[in-house]
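Chemist: Turn this into a structure:
(chains A and B)
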Amino acid sequence: DAGVIQSPRHEVTEMGQEVTLRCKPISGHDYLFWYRQTMMRGLELLIYFNNNVPIDDSGMPEDRFSAKMPNASFSTLKIQPSEPRDSAVYFCASSFRGNLAGGPRSKSYEQYFGPGTRLTVT
Amino acid sequence: GNSVTQMEGPVTLSEEAFLTINCTYTATGYPSLFWYVQYPGEGLQLLLKATKADDKGSNKGFEATYRKETTSFHLEKGSVQVSDSAVYFCALSTPGGGATNKLIFGTGTLLAVQP
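Modeler: As a prediction, this is how the structure comes out:
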């Protein structure tokens, strides 16, 4: 398996421009997560999807950020317009929930991360 | 609410030294616990995990034991190498009912191993 694929790996753009980050999760996984990592704030969960449906977007910083998952093999995170404070590494991760039978001590749902997109907004 | 607290870094050790990175958690229910490692310029990789109390996760010489009585999951390695230099994240998940599959991460601990 190729793992989680993200593109581009690096993006440099000017303030005010639209930025689109892309993610292909591991085949068969039913959860997809978008994270942002900065020195100041560490690793932050922005939004996550289950079966292509957004479940929790409470981490999305503001309306300039939007995410979509049109099908099980593709997701985008868009920033419009971009600002210098959006500069960060953005990670996509996916996981498989598995069989819940067995009660609260069943599957551990580990997440598999992509290599990240380093975004620089000047 | 659920949270993870891990020791602040950086942790600087000489090669072959013993490593401990402390992690404690607060959670409802029966969380699973994880250690992730992030090498420079890369994404996070799962290092080890434990899904129930008293389980010991181990991988690449690292190990951690799920201690429910002390709500801890400390990471240890008997003899570190320069190649272990990375940032280590402790995390928990709370599987169960509903469409919840989030991981709660600690702030990360930078480990620097000197030759």
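
Chemist: Do me a favour and get the backbone dihedrals for residue A:85.
Modeler: Main-chain torsions, residue A:85, degrees, to the nearest 10: phi -70, psi -10.

Chemist: Any idea how many residues pack against it?
Modeler: Each residue near residue A:85 was counted by other CB atoms under 10 Å in any protein chain shown, and the total is 11. Where you see a C-beta, it was placed from the backbone N, CA and C, and this is true even at glycine.

Chemist: residue contacts, it?
Modeler: residue A:121 (CB atoms under 8 Å, 6 or more residues apart in numbering or on different chains).

Chemist: So for it, what's the pLDDT?
Modeler: Per-residue pLDDT puts residue A:85 at 95.

Chemist: Likewise for residue B:115?
Modeler: Note on residue B:115: pLDDT of 95.

Chemist: ok, it to chain A distance?
Modeler: As judged by CB to the nearest CB, to the nearest Å, residue B:115 and chain A stand 26 Å apart.

Chemist: nearest spatial neighbour of the most centrally placed residue in chain A, skipping sequence neighbours?
Modeler: For chain A, the residue sitting closest to the mean C-alpha position, by CA atoms, centre = their mean, is residue A:34 at 1.9 Å. In space, and not counting its chain neighbours, residue A:34 is closest to residue A:46: 4.4 Å by CB to CB, 6 or more residues apart in numbering or on different chains.

Chemist: Help me confirm that the one you found comes into contact with residue A:59.
Modeler: Yes - here residue A:46 reaches residue A:59: they are 4.5 Å apart, a contact under CB atoms under 8 Å.

Chemist: Looking at those two, which one has more neighbours?
Modeler: Legend: neighbour count by other CB under 10 Å for residue A:46 and residue A:59, higher for residue A:46 (19 against 16).

Chemist: For the more buried one, give me its contacts.
Modeler: When contacts are counted by CB under 8 Å, 6+ apart, residue A:46 touches A:34-36, A:57, A:59-61, A:65, A:67, A:77.

Chemist: and the residue nearest to residue A:34, that's in a helix?
Modeler: No - if the criterion is DSSP: H, G, I helix; E, B strand; the rest coil, then residue A:46 is strand and not within a helix.

Chemist: mind checking how far it is from chain B?
Modeler: Counting by CB to the nearest CB, the gap from residue A:46 to chain B is 12 Å.

Chemist: and that residue, what pLDDT?
Modeler: 96.

Chemist: now do the one 4 residues further on
Modeler: Per-residue confidence (pLDDT) for residue A:50: 90.
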